[in-house]
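Novice: Predicted model and sequence below, questions to follow.
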Amino acid sequence: MTSTSPSVARPSSPFTAPIWLIFYSLLALVALLIGVFVVLRPVVVLPRITLAPGFRLTDQTGAQLSNEDLRGSITLYNFTYTGCQGDCPQTSNIMAQMQARLDELNTGDIPVRLVTISLDPENDTPEQLAVYAALVGADPAVWQFVTGSPVQIKSVVGGGFSVYYTTREDSIRFDPAFMLVDGAGLWRAEYRTAVPDIDIILRDINLLAEEAQHADGPARLAYEAAHLFLCYPR
């Protein structure tokens, strides 16, 4: 006569849960985390538009200035020419106000630079730019005016930053614009107006500085997530 042993119920283990249950639980958790991140927006970033154009131009002192010289700095660009008068959308006054308010920024050891690119390279020599820079009160340690050949300027301004301009007899028609580039050489913001809100530009510079300061720390993943989920300023 054969005897059978009674079956013994084994305690359930979380590791014996069906694979599909584990998968959907993890999926729900990820979705919840994404929802919380998007709604609460613990980190706000500026978009990474594209790589800013490369250049090697000449400043008002006759020295060479390249995009590589600006690596590690947050740079605000504008585009004008010294003969901009009358109804010409002059933007140098905005740059002068920016220079005056740089001490309001909290960028730590990250320098902020201002660069004005002349749209009239045939007339705006380094000497002419030096006179103009002094006229608008530019600090050469912070704010540089650059010029180059017409081909170079068209490549940087028109091709690189997509700013339209054209020469007509004794004047230059152009769309006023300011461009913000981070220390890695990435184009991060554009303000296509002659009178941008300076407070917004200052805010954006601070955002870039905060991101750079956390680039190598544990908060880096949060910043990358902010880019992934398009957590941009409102």
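Specialist: That came through, no problem. Numbering: from 1, shown residues only.

Novice: For Asp182, list the residues it contacts.
Specialist: Residues in contact with Asp182 (Cβ atoms under 8 Å, 6 or more residues apart in numbering) are 74, 188, 208, 211-212. C-beta coordinates here come from the backbone N, C-alpha and C atoms, glycine included.

Novice: same thing but at 7 Å, please
Specialist: 74, 188, 208, 212 (Cβ atoms under 7 Å, 6 or more residues apart in numbering).

Novice: separation between the nearest residue to Gly160 once chain neighbours are set aside and Ala209?
Specialist: Among residues not flanking Gly160 along the chain, Pro53 sits closest, at 2.4 Å (Cβ to Cβ, 6 or more residues apart in numbering). In this structure, Pro53 and Ala209 are 22 Å apart, going by Cβ to Cβ, to the nearest Å.

Novice: where does the protein dip in pLDDT?
Specialist: 1-17, 24-41 (pLDDT under 70).

Novice: Can you list the residue ranges for helices in it?
Specialist: 19-40, 92-100, 126-135, 150-153, 198-213, 220-228 (DSSP state H).

Novice: Show me which parts of the fourth one are buried, residue by residue.
Specialist: Just to be clear, that refers to helix 150-153. By 16 or more other Cβ atoms under 10 Å, the buried positions in helix 150-153 come out as 152-153.

Novice: just stretch 220-234 next, same as before
Specialist: 223, 225-226, 231.

Novice: for the chain, what spans make up the strands?
Specialist: 50-51, 56-59, 64-66, 74-80, 112-118, 143-147, 165-168, 171-174, 178-181, 186-191 (DSSP state E).

Novice: Could you double-check that Met179 lies in contact with Phe161?
Specialist: Yes. Using Cβ atoms under 7 Å, Met179 is in contact with Phe161, at 5.3 Å.

Novice: which residue is nearest the middle of the chain?
Specialist: Closest to where the C-alpha atoms of the chain average out (Cα atoms, centre = their mean) is Arg188, at 2.3 Å.

Novice: if you skip the residues just before and after it, what's nearest to that one?
Specialist: Excluding its sequence neighbours, the residue lying closest to Arg188 (Cβ to Cβ, 6+ apart) is Leu46, at 4.4 Å.
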